[in-house]
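Peer 1: No sequence on hand, only this structure:
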DNA sequence: TACGCGTGGCT
DNA sequence: TAGCCAAGCGT
(Lines give C-alpha, C1' and ligand atoms only; values in the text may rest on other atoms or scores of the structure.)
Protein backbone atom coordinates (compact mmCIF):
# COMPACT_ATOMS: atom_id res chain seq x y z
CA UNK A 1 0.00 0.00 0.00
CA UNK A 2 2.64 2.45 1.13
CA UNK A 3 4.88 1.27 -1.70
CA UNK A 4 2.27 2.04 -4.37
CA UNK A 5 1.60 5.40 -2.76
CA UNK A 6 5.26 6.39 -2.67
CA UNK A 7 5.85 5.15 -6.23
CA UNK A 8 2.95 7.29 -7.43
CA UNK A 9 4.34 10.24 -5.47
CA UNK A 10 7.77 9.99 -7.09
CA UNK A 11 6.42 9.64 -10.60
CA UNK A 12 4.02 12.56 -10.18
CA UNK A 13 6.31 14.72 -8.07
CA UNK A 14 5.39 18.30 -8.63
CA UNK A 15 7.85 21.07 -9.39
CA UNK A 16 7.31 23.07 -6.23
CA UNK A 17 10.14 25.15 -4.72
CA UNK A 18 9.82 23.94 -1.11
CA UNK A 19 9.88 20.32 -2.25
CA UNK A 20 13.57 20.69 -3.01
CA UNK A 21 14.71 21.36 0.54
CA UNK A 22 14.65 19.89 4.03
CA UNK A 23 15.46 23.21 5.66
CA UNK A 24 12.90 23.49 8.50
CA UNK A 25 12.75 27.26 8.01
CA UNK A 26 11.66 26.94 4.40
CA UNK A 27 9.29 24.06 5.02
CA UNK A 28 7.72 25.99 7.88
CA UNK A 29 7.34 29.16 5.85
CA UNK A 30 5.71 27.22 3.02
CA UNK A 31 3.27 25.53 5.40
CA UNK A 32 2.27 28.86 6.91
CA UNK A 33 1.68 30.35 3.46
CA UNK A 34 -0.25 27.28 2.35
CA UNK A 35 -2.91 27.57 5.05
CA UNK A 36 -6.24 27.72 3.21
CA UNK A 37 -4.30 28.88 0.18
CA UNK A 38 -3.63 27.09 -3.08
CA UNK A 39 -0.14 26.04 -4.14
CA UNK A 40 -0.12 28.13 -7.33
CA UNK A 41 -0.99 31.24 -5.33
CA UNK A 42 1.76 30.63 -2.80
CA UNK A 43 4.69 29.97 -5.18
CA UNK A 44 5.48 33.59 -6.20
CA UNK A 45 5.13 34.82 -2.59
CA UNK A 46 7.38 32.05 -1.35
CA UNK A 47 10.02 32.81 -3.98
CA UNK A 48 10.21 36.53 -3.29
CA UNK A 49 10.33 35.91 0.47
CA UNK A 50 13.22 33.43 0.18
CA UNK A 51 15.01 35.79 -2.19
CA UNK A 52 14.93 38.52 0.46
CA UNK A 53 15.42 36.24 3.47
CA UNK A 54 17.37 33.18 2.29
CA UNK A 55 18.10 31.85 5.79
CA UNK A 56 16.38 31.77 9.15
CA UNK A 57 19.00 34.14 10.53
CA UNK A 58 17.98 36.71 7.93
CA UNK A 59 14.33 36.70 9.13
CA UNK A 60 15.42 37.17 12.73
CA UNK A 61 16.62 40.65 11.79
CA UNK A 62 13.46 41.55 9.91
CA UNK A 63 10.82 44.08 10.94
CA UNK A 64 7.19 42.95 11.00
CA UNK A 65 6.21 45.72 8.59
CA UNK A 66 8.73 44.49 6.03
CA UNK A 67 7.40 40.95 6.31
CA UNK A 68 3.82 42.15 5.94
CA UNK A 69 4.86 44.03 2.83
CA UNK A 70 5.97 40.74 1.29
CA UNK A 71 2.70 39.14 2.41
CA UNK A 72 0.53 41.80 0.78
CA UNK A 73 -2.25 40.17 -1.25
CA UNK A 74 -1.86 36.73 0.27
CA UNK A 75 -4.49 37.29 2.96
CA UNK A 76 -4.80 35.95 6.51
CA UNK A 77 -2.26 38.48 7.71
CA UNK A 78 -2.14 37.08 11.24
CA UNK A 79 -0.22 34.17 9.76
CA UNK A 80 2.58 36.58 8.99
CA UNK A 81 2.41 38.38 12.33
CA UNK A 82 2.45 35.07 14.20
CA UNK A 83 5.37 33.85 12.14
CA UNK A 84 7.28 36.98 13.05
CA UNK A 85 6.44 36.51 16.73
CA UNK A 86 7.50 32.88 16.57
CA UNK A 87 10.82 33.81 14.99
CA UNK A 88 11.42 36.31 17.79
CA UNK A 89 10.56 33.67 20.40
CA UNK A 90 13.10 31.34 18.88
CA UNK A 91 15.73 34.06 18.88
CA UNK A 92 15.09 34.74 22.55
CA UNK A 93 14.29 31.32 24.01
CA UNK A 94 15.83 28.77 21.69
CA UNK A 95 19.23 30.24 20.89
CA UNK A 96 17.99 31.08 17.41
CA UNK A 97 17.57 27.43 16.51
CA UNK A 98 14.22 26.16 15.28
CA UNK A 99 13.10 23.56 17.86
CA UNK A 100 12.96 19.99 16.59
CA UNK A 101 10.79 18.69 19.40
CA UNK A 102 7.06 18.60 18.74
CA UNK A 103 6.30 19.92 22.22
CA UNK A 104 8.51 22.99 21.81
CA UNK A 105 7.61 23.71 18.23
CA UNK A 106 3.87 23.56 18.79
CA UNK A 107 4.04 26.20 21.50
CA UNK A 108 5.03 28.81 18.94
CA UNK A 109 2.33 31.25 17.82
CA UNK A 110 0.62 30.19 14.61
CA UNK A 111 1.92 26.64 14.92
CA UNK A 112 -0.67 23.95 15.52
CA UNK A 113 -0.87 20.19 15.10
CA UNK A 114 -0.73 20.32 11.35
CA UNK A 115 2.21 22.67 10.85
CA UNK A 116 4.36 21.14 13.55
CA UNK A 117 3.78 17.63 12.19
CA UNK A 118 4.37 18.64 8.59
CA UNK A 119 7.58 20.52 9.30
CA UNK A 120 9.11 17.94 11.63
CA UNK A 121 8.20 14.95 9.46
CA UNK A 122 9.60 16.53 6.33
CA UNK A 123 12.68 18.21 7.76
CA UNK A 124 13.77 15.57 10.23
CA UNK A 125 11.82 12.45 9.35
CA UNK A 126 9.82 12.26 12.58
CA UNK A 127 6.82 9.97 12.49
CA UNK A 128 4.12 12.60 12.73
CA UNK A 129 0.99 12.36 10.55
CA UNK A 130 0.09 15.85 9.33
CA UNK A 131 -3.68 15.88 9.18
CA UNK A 132 -4.72 18.62 6.76
CA UNK A 133 -7.98 18.80 4.86
CA UNK A 134 -6.63 16.62 2.04
CA UNK A 135 -5.34 13.82 4.23
CA UNK A 136 -8.49 13.76 6.31
CA UNK A 137 -10.53 13.39 3.12
CA UNK A 138 -8.29 10.68 1.61
CA UNK A 139 -8.21 8.64 4.81
CA UNK A 140 -11.89 9.08 5.55
CA UNK A 141 -12.46 7.46 2.16
CA UNK A 142 -9.84 4.74 2.57
CA UNK A 143 -11.17 3.83 6.03
CA UNK A 144 -14.78 4.55 5.05
CA UNK A 145 -15.36 7.00 7.87
CA UNK A 146 -18.26 9.35 7.17
CA UNK A 147 -17.81 11.60 10.14
CA UNK A 148 -14.74 13.70 10.86
CA UNK A 149 -15.10 13.41 14.62
CA UNK A 150 -12.20 13.72 17.06
CA UNK A 151 -12.48 9.96 17.52
CA UNK A 152 -12.14 9.26 13.80
CA UNK A 153 -9.30 11.75 13.51
CA UNK A 154 -7.46 9.68 16.07
CA UNK A 155 -8.14 6.51 14.11
CA UNK A 156 -6.83 8.20 10.96
CA UNK A 157 -3.78 9.45 12.83
CA UNK A 158 -2.96 5.99 14.15
CA UNK A 159 -3.52 4.42 10.78
CA UNK A 160 -1.00 6.70 9.08
CA UNK A 161 1.38 6.12 11.97
CA UNK A 162 1.42 2.43 11.07
CA UNK A 163 2.32 3.31 7.48
CA UNK A 164 5.24 5.35 8.81
CA UNK A 165 6.69 2.38 10.69
CA UNK A 166 9.33 1.84 8.03
CA UNK A 167 10.24 5.50 7.67
CA UNK A 168 9.48 7.98 4.86
CA UNK A 169 7.19 9.98 7.16
CA UNK A 170 7.65 13.23 5.25
CA UNK A 171 7.11 11.56 1.89
CA UNK A 172 4.00 9.78 3.15
CA UNK A 173 2.52 13.05 4.38
CA UNK A 174 3.32 14.84 1.13
CA UNK A 175 2.16 11.93 -1.02
CA UNK A 176 -1.21 11.82 0.73
CA UNK A 177 -1.61 15.58 0.43
CA UNK A 178 -0.84 15.46 -3.27
CA UNK A 179 -3.18 12.54 -3.70
CA UNK A 180 -5.93 14.56 -2.06
CA UNK A 181 -5.36 17.70 -4.07
CA UNK A 182 -4.78 16.04 -7.47
CA UNK A 183 -6.72 12.77 -7.50
CA UNK A 184 -8.97 12.31 -4.49
CA UNK A 185 -10.75 15.67 -4.91
CA UNK A 186 -13.76 16.67 -2.79
CA UNK A 187 -16.37 16.40 -5.53
CA UNK A 188 -14.42 14.32 -8.05
CA UNK A 189 -12.64 11.23 -6.84
CA UNK A 190 -10.61 10.16 -9.89
CA UNK A 191 -10.38 6.60 -8.63
CA UNK A 192 -9.06 5.22 -11.94
CA UNK A 193 -5.93 7.37 -11.42
CA UNK A 194 -5.53 6.44 -7.77
CA UNK A 195 -2.60 4.23 -6.73
CA UNK A 196 -4.40 2.92 -3.67
CA UNK A 197 -7.90 2.47 -4.99
CA UNK A 198 -7.82 -1.28 -4.30
CA UNK A 199 -7.33 -0.49 -0.62
CA UNK A 200 -10.12 2.11 -0.47
CA UNK A 201 -13.26 1.39 1.51
CA UNK A 202 -15.27 4.22 -0.04
CA UNK A 203 -14.76 3.00 -3.61
CA UNK A 204 -16.57 -0.17 -2.66
CA UNK A 205 -19.64 1.87 -1.72
CA UNK A 206 -19.83 3.31 -5.24
CA UNK A 207 -20.08 6.85 -3.87
CA UNK A 208 -16.59 7.82 -2.70
CA UNK A 209 -17.43 11.53 -3.05
CA UNK A 210 -19.92 11.28 -0.22
CA UNK A 211 -17.00 10.70 2.16
CA UNK A 212 -16.48 12.47 4.44
CA UNK A 213 -19.89 13.95 5.12
CA UNK A 214 -19.61 17.68 4.69
CA UNK A 215 -21.25 19.45 7.57
CA UNK A 216 -22.89 22.45 6.04
CA UNK A 217 -23.00 25.47 8.22
CA UNK A 218 -26.63 25.80 9.09
CA UNK A 219 -27.70 29.28 8.22
CA UNK A 220 -30.26 30.65 10.64
CA UNK A 221 -33.56 30.99 8.80
CA UNK A 222 -34.92 34.43 8.06
CA UNK A 223 -38.66 35.08 8.06
CA UNK A 224 -40.54 37.95 6.49
CA UNK A 225 -43.37 39.02 8.72
CA UNK A 226 -46.11 41.67 8.48
CA UNK A 227 -48.10 43.21 11.30
CA UNK A 228 -51.19 45.38 11.19
CA UNK A 229 -51.73 48.31 13.52
CA UNK A 230 -55.45 48.85 14.06
CA UNK A 231 -56.74 51.47 16.45
CA UNK A 232 -60.05 52.64 17.81
CA UNK A 233 -59.93 56.09 19.40
CA UNK A 234 -56.89 55.90 21.69
CA UNK A 235 -56.67 52.09 21.88
CA UNK A 236 -54.81 49.55 19.80
CA UNK A 237 -55.77 45.98 18.95
CA UNK A 238 -53.34 43.36 20.20
CA UNK A 239 -53.44 39.58 20.28
CA UNK A 240 -52.12 37.07 22.76
CA UNK A 241 -49.65 34.56 21.33
CA UNK A 242 -50.50 30.94 21.94
CA UNK A 243 -48.61 29.41 24.82
CA UNK A 244 -47.03 26.63 22.81
CA UNK A 245 -45.57 29.07 20.27
CA UNK A 246 -42.25 30.84 20.55
CA UNK A 247 -42.73 33.81 22.86
CA UNK A 248 -46.04 32.26 23.85
CA UNK A 249 -48.19 34.19 26.33
CA UNK A 250 -46.87 37.53 25.14
CA UNK A 251 -48.86 40.16 23.25
CA UNK A 252 -48.35 41.16 19.65
CA UNK A 253 -50.02 43.05 16.85
CA UNK A 254 -52.05 40.85 14.50
CA UNK A 255 -50.12 39.55 11.53
CA UNK A 256 -47.79 36.76 10.59
CA UNK A 257 -45.42 35.24 8.13
CA UNK A 258 -45.59 36.07 4.46
CA UNK A 259 -46.28 32.87 2.53
CA UNK A 260 -44.73 31.87 -0.76
CA UNK A 261 -46.00 33.96 -3.64
CA UNK A 262 -47.67 36.54 -1.44
CA UNK A 263 -46.81 40.18 -1.22
CA UNK A 264 -46.87 42.01 2.08
CA UNK A 265 -50.35 43.46 1.58
CA UNK A 266 -51.98 40.17 0.61
CA UNK A 267 -50.29 38.38 3.50
CA UNK A 268 -51.43 40.96 6.01
CA UNK A 269 -55.02 40.94 4.76
CA UNK A 270 -55.05 37.16 5.05
CA UNK A 271 -53.50 37.05 8.50
CA UNK A 272 -55.89 39.63 9.95
CA UNK A 273 -58.87 37.87 8.38
CA UNK A 274 -57.70 34.55 9.84
CA UNK A 275 -56.80 35.83 13.27
CA UNK A 276 -59.47 38.48 13.88
CA UNK A 277 -62.21 37.88 11.32
CA UNK A 278 -61.74 41.44 10.11
CA UNK A 279 -61.50 42.71 6.57
CA UNK A 280 -59.17 45.65 6.53
CA UNK A 281 -57.88 48.38 4.27
CA UNK A 282 -54.16 48.61 4.41
CA UNK A 283 -53.11 52.20 4.69
CA UNK A 284 -49.50 53.28 4.85
CA UNK A 285 -46.40 51.49 6.01
CA UNK A 286 -45.34 52.53 9.48
CA UNK A 287 -41.95 50.92 9.76
CA UNK A 288 -39.79 47.91 9.06
CA UNK A 289 -37.43 46.33 11.56
CA UNK A 290 -35.16 43.34 11.78
CA UNK A 291 -34.98 41.17 14.90
CA UNK A 292 -32.17 38.72 15.32
CA UNK A 293 -32.61 35.77 17.65
CA UNK A 294 -30.13 33.02 18.35
CA UNK A 295 -31.78 30.55 15.95
CA UNK A 296 -33.53 32.72 13.39
CA UNK A 297 -34.26 36.28 12.42
CA UNK A 298 -37.36 38.09 11.23
CA UNK A 299 -37.96 41.12 9.09
CA UNK A 300 -41.10 42.74 10.44
CA UNK A 301 -42.97 45.34 8.45
CA UNK A 302 -45.90 47.13 10.06
CA UNK A 303 -48.83 48.83 8.35
CA UNK A 304 -51.60 51.06 9.64
CA UNK A 305 -54.90 49.27 8.93
CA UNK A 306 -58.54 50.29 9.19
CA UNK A 307 -61.40 47.86 9.55
CA UNK A 308 -63.63 47.67 6.45
CA UNK A 309 -66.56 45.65 7.72
CA UNK A 310 -67.48 42.69 9.79
CA UNK A 311 -66.99 42.32 13.45
CA UNK A 312 -63.96 41.37 15.43
CA UNK A 313 -64.13 37.62 15.88
CA UNK A 314 -61.16 35.87 17.34
CA UNK A 315 -61.27 32.13 17.26
CA UNK A 316 -58.03 30.72 18.58
CA UNK A 317 -56.49 33.77 20.12
CA UNK A 318 -57.47 36.21 22.82
CA UNK A 319 -57.46 39.86 21.96
CA UNK A 320 -57.70 43.16 23.74
CA UNK A 321 -57.71 46.87 23.11
CA UNK A 322 -55.07 48.74 25.01
CA UNK A 323 -53.69 52.20 25.48
CA UNK A 324 -50.10 52.92 24.74
CA UNK A 325 -49.39 53.30 28.45
CA UNK A 326 -50.68 49.79 29.12
CA UNK A 327 -48.13 47.98 27.04
CA UNK A 328 -46.74 45.08 29.01
CA UNK A 329 -45.61 41.56 28.22
CA UNK A 330 -45.11 42.44 24.59
CA UNK A 331 -43.33 40.16 22.17
CA UNK A 332 -40.73 42.09 20.13
CA UNK A 333 -40.89 45.04 22.56
CA UNK A 334 -38.14 47.03 20.95
CA UNK A 335 -39.59 47.11 17.48
CA UNK A 336 -43.13 47.59 18.70
CA UNK A 337 -42.23 50.58 20.82
CA UNK A 338 -40.61 52.12 17.79
CA UNK A 339 -43.78 51.44 15.86
CA UNK A 340 -45.87 53.02 18.60
CA UNK A 341 -43.90 56.20 18.61
CA UNK A 342 -43.96 56.46 14.81
CA UNK A 343 -47.67 55.83 14.85
CA UNK A 344 -48.38 58.44 17.48
CA UNK A 345 -46.46 60.91 15.43
CA UNK A 346 -48.63 60.08 12.44
CA UNK A 347 -51.81 60.54 14.44
CA UNK A 348 -50.68 63.86 15.79
CA UNK A 349 -50.02 64.94 12.24
CA UNK A 350 -53.48 63.82 11.26
C1' DT B 1 -17.59 23.95 19.34
C1' DA B 2 -18.13 27.51 16.10
C1' DC B 3 -16.65 31.40 14.04
C1' DG B 4 -13.42 35.01 11.90
C1' DC B 5 -9.73 35.58 9.14
C1' DG B 6 -8.44 37.19 2.78
C1' DT B 7 -7.94 36.08 -1.61
C1' DG B 8 -8.53 33.86 -6.10
C1' DG B 9 -10.29 30.07 -8.72
C1' DC B 10 -13.90 26.97 -9.65
C1' DT B 11 -18.64 25.31 -11.07
C1' DT C 1 -23.42 33.04 -10.58
C1' DA C 2 -23.41 33.01 -5.82
C1' DG C 3 -21.73 30.12 -3.12
C1' DC C 4 -18.05 26.85 -2.38
C1' DC C 5 -13.37 25.54 -1.88
C1' DA C 6 -8.10 25.83 -0.85
C1' DA C 7 -1.55 22.35 2.85
C1' DG C 8 -5.30 25.88 9.73
C1' DC C 9 -5.03 28.52 13.74
C1' DG C 10 -6.63 31.43 17.52
C1' DT C 11 -10.21 32.60 20.40
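Peer 2: That came through fine. This one's a predicted model, so the numbers in the text were calculated from it and none came from an experiment. Numbering: from 1, shown residues only, chains lettered A, B, ... in the order given.
Peer 1: Check which residues of stretch A:236-248 are buried.
Peer 2: A:236-241 (16 or more other C-beta atoms under 10 Å). All C-beta atoms are positioned from the backbone trio N, CA, C, and that covers glycine.
Peer 1: Which single one of those residues is nearest to DNA strand C?
Peer 2: residue A:241 (31.5 Å; C-beta to the nearest atom of the strand).
Peer 1: if I pick that closest one, what's in contact with it?
Peer 2: A:247-252, A:317, A:331 (C-beta atoms under 8 Å, 6 or more residues apart in numbering).
Peer 1: if you set the cut-off to 7 Å instead, what comes out?
Peer 2: A:247-250, A:252, A:331 (C-beta atoms under 7 Å, 6 or more residues apart in numbering).
Peer 1: ok, the helix or strand where residue A:116 lies near DNA strand B or not?
Peer 2: Assigned by DSSP states H and E, residue A:116 belongs to helix A:113-124. No. Against DNA strand B, helix A:113-124 shows no contacts by C-beta under 7 Å from any atom of the strand, the least distance being 12.3 Å.
Peer 1: Tell me how far that helix lies from the chain's centre.
Peer 2: In this view, helix A:113-124 has its centroid 26 Å away from the chain centroid, taken as C-alpha atoms, centre = their mean, to the nearest Å.
Peer 1: still on that earlier bit, which of the contacts of residue A:241 sits closest to DNA strand B?
Peer 2: The closest of the contacts of residue A:241, once distances to DNA strand B are taken by C-beta to the nearest atom of the strand, is residue A:247, at 22.4 Å.
Peer 1: Not counting residues beside it along the chain, what's closest to the closest one?
Peer 2: residue A:331 (4.3 Å; C-beta to C-beta, 6 or more residues apart in numbering).
Peer 1: Let me see the domain layout of chain A.
Peer 2: A:2-210, A:222-348 (automatic domain parsing).
Peer 1: taking the contacts of residue A:241 one by one, which sit in helices?
Peer 2: Secondary structure assignment by DSSP state H places none of these in helices.
Peer 1: got a markdown table for these, with distance to DNA strand C too?
Peer 2: Output for the contacts of residue A:241, formatted as a markdown table (distance: C-beta to the nearest atom of the strand, whole Å):
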| residue | distance to DNA strand C |
| --- | --- |
| A:247 | 29 |
| A:248 | 32 |
| A:249 | 36 |
| A:250 | 33 |
| A:252 | 30 |
| A:331 | 29 |
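Peer 1: least trustworthy position among the residues you listed, going by pLDDT?
Peer 2: Ranked by pLDDT, the contacts of residue A:241 bottom out at residue A:247 (72).
Peer 1: Single out the most deeply packed of the domains of chain A.
Peer 2: domain A:2-210 (a mean of 17; mean count of other C-beta atoms under 10 Å).
Peer 1: SS state for the closest residue to DNA strand B within chain A?
Peer 2: Residue nearest to DNA strand B within chain A: residue A:75 (2.7 Å; C-beta to the nearest atom of the strand). The three-state label given to residue A:75 by DSSP: H, G, I helix; E, B strand; the rest coil is coil.
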